[in-house]
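Peer 1: when you get a sec, could you give me coordinates for this:
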Amino acid sequence: MFGYLSSYCNIREEKLLANLCPATDGACVYSARSFYGSVYGTVINYPDCGGEEGSRLAYNESKNSIENKKKLNWNIKIYPNPTSSRLTLKSTNETELLYLEVKDLSNRTLLKKVVKTSAFIYTLDLDLINGAYFISIGNDKNEKIIKKLLIAK
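Peer 2: From the prediction side, this is the model:
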């Protein structure tokens, strides 16, 4: 379902879809809203959330992490995204150790791996089912980037 949302809908359609959820409680509703907030780095206080800061907000980013992103010279690009199984990571550094962690939307760790780039590139073979995931990529300088990853076979 989430792969469909991110691949074929625009932001406005996703927000409307999140508001159409039939119930105000439940894991599905909160997961969908949290996923939307995480992917787009937005704060949305839905009408059924009580209107108070910290009450079921679809938000997953602090002001400090936004400021840190602006100062970050290091970057990683992942492609193709969506992918069926093979993912290429392209770093701004020619050779470095990368600490990879792939998690599902329930925050379960599915893959944890330390890899080394060569000529700015590392190719990762994944054995995941269709869906949306988060890939956390860190380096030796304690810099960390989290990106969404879509698997579509």
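Peer 1: quick one, what contacts residue 100?
Peer 2: By C-beta atoms under 8 Å, 6 or more residues apart in numbering, the residues touching residue 100 are 89, 111-115, 124, 135-137. In this view, the C-beta of every residue, glycine as well, is placed from N, C-alpha and C.
Peer 1: just the buried residues of those.
Peer 2: Buried by 16 or more other C-beta atoms under 10 Å: 89, 124, 135, 137, out of the contacts of residue 100.
Peer 1: which element is the second one on?
Peer 2: Element membership of residue 124, judged by DSSP states H and E, is strand 121-125.
Peer 1: mind listing what's buried in that strand?
Peer 2: When neighbours are counted by 16+ other C-beta under 10 Å, the buried residues of strand 121-125 are found to be 122, 124.
Peer 1: again, but for stretch 139-153
Peer 2: When burial is assessed from 16+ other C-beta under 10 Å, stretch 139-153 yields the following buried residues: 139, 144-146, 148-151.
Peer 1: and the contacts of that stretch?
Peer 2: With contacts defined as C-beta under 8 Å, 6+ apart, stretch 139-153 is touched by 3, 6-7, 38-39, 72, 74-76, 78, 81-85, 87, 93, 96-99, 102, 126, 128-138.
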